[in-house]
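Visitor: structure here, sequence nowhere to be found:
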């Protein structure tokens, strides 16, 4: 059975109670044996499934499951002809969408997974993604941008995520260059953009987004507890399907937004101007004061000498004031 069919079993289990296996198989369009295999995969991901020889199967816990067709229908109703595909688990949704792009996938093709075994952030970092607690997905965007305009994709995606969190869940997010979304200074979401160049132009981008949604603070690995948060741990309440639909609406429109509007919007949502920062790139370390987002998307800092230093890539750390 396909990964999408296995996810469809989870969708039905979340929407029903004590579903006979034969009925579950008919609903999904697979064999009874495939349903049994899917249930075992769901259990292996840490989701309890109760099974009875007469009454059938049901989830042994409450789970905020995203129903793909409901999200697709909501997008279609707004004139967005994109397709969302759900998977139980995969190595990386970015890899899936990259492969789909190579085979001519349509604009807006989106894959999300309940669990990623090799989910990654910038600089190859692993992304913490427990089952059912977050939103891990990747979206393909077709476009025609100059090489010097590539920053619009990541900056725009950050705005889309921050706006969606604010609109659907309550907490007020902020933006940290180049690809982090934070709540009260802690990372709630990260973005990884991978673009393809053709004929000296950027023709496609795969936008990978990971968001901590329902993670309790003590569920984070110890090394992340001081720097990470979730929407729930920040006091927000949201269904993942609502959040996903809102982000996709933002991704649909953001590349049509003029560059100067993107810059001003991002600048307004970044609270770090005037702060002392350290930039690390290729074993080089530079310190200065954050001053602006340049017209080419660079994060500009002012050095102690008074000269300006544009950061086009690298890690930016915001330093605490020395008391």
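Guide: Okay, I see it. Predicted, not measured: the structure shown is a model, and the values here were computed from it.

Visitor: what are the boundaries of the strands in the stretch 201-323 of the chain?
Guide: Along the stretch 201-323 of the chain, the stretches classed as strands by DSSP state E, counting those that start in this stretch are 201-212, 276-281, 284-293, 299-302, 308-311, 315-318.

Visitor: check the stretch 1-150 of the chain too.
Guide: Under DSSP E, counting those that start in this stretch, the stretch 1-150 of the chain gives strands at 49-52, 56-59, 84-90, 110-116, 134-146.

Visitor: name the helices or strands packed onto the third one?
Guide: Which is strand 84-90. helix 3-15, helix 32-44, helix 68-77, helix 93-102, strand 110-116 (3 or more C-beta pairs under 8 Å, 6 or more residues apart in numbering; DSSP states H and E). (Glycine included, C-beta is placed from N, CA and C.)

Visitor: in this protein, which residue is closest to the centre?
Guide: Closest residue to the average C-alpha location of the chain: residue 209 at 2.0 Å, with C-alpha atoms, centre = their mean.

Visitor: now it. Nearest residue, chain neighbours left out?
Guide: residue 191 (5.5 Å; C-beta to C-beta, 6 or more residues apart in numbering).

Visitor: looking at this protein, which helix or strand is least sure?
Guide: Least confident helix or strand, the chain: strand 315-318 with a mean of 84, by mean pLDDT, DSSP states H and E.

Visitor: strands paired with it, and their directions?
Guide: strand 276-281 (antiparallel) (DSSP bridges).

Visitor: the partner strand relative to strand 284-293, how many degrees between them?
Guide: Between strand 276-281 and strand 284-293, the angle comes out at 120 degrees (axes from the mean of the first three to the mean of the last three C-alpha atoms, to 10 degrees).

Visitor: now do the buried residues in strand 276-281.
Guide: Neighbour counts over strand 276-281 (16 or more other C-beta atoms under 10 Å) mark 276-277, 279 as buried.

Visitor: average pLDDT across it?
Guide: Across strand 276-281, pLDDT averages out at 88.
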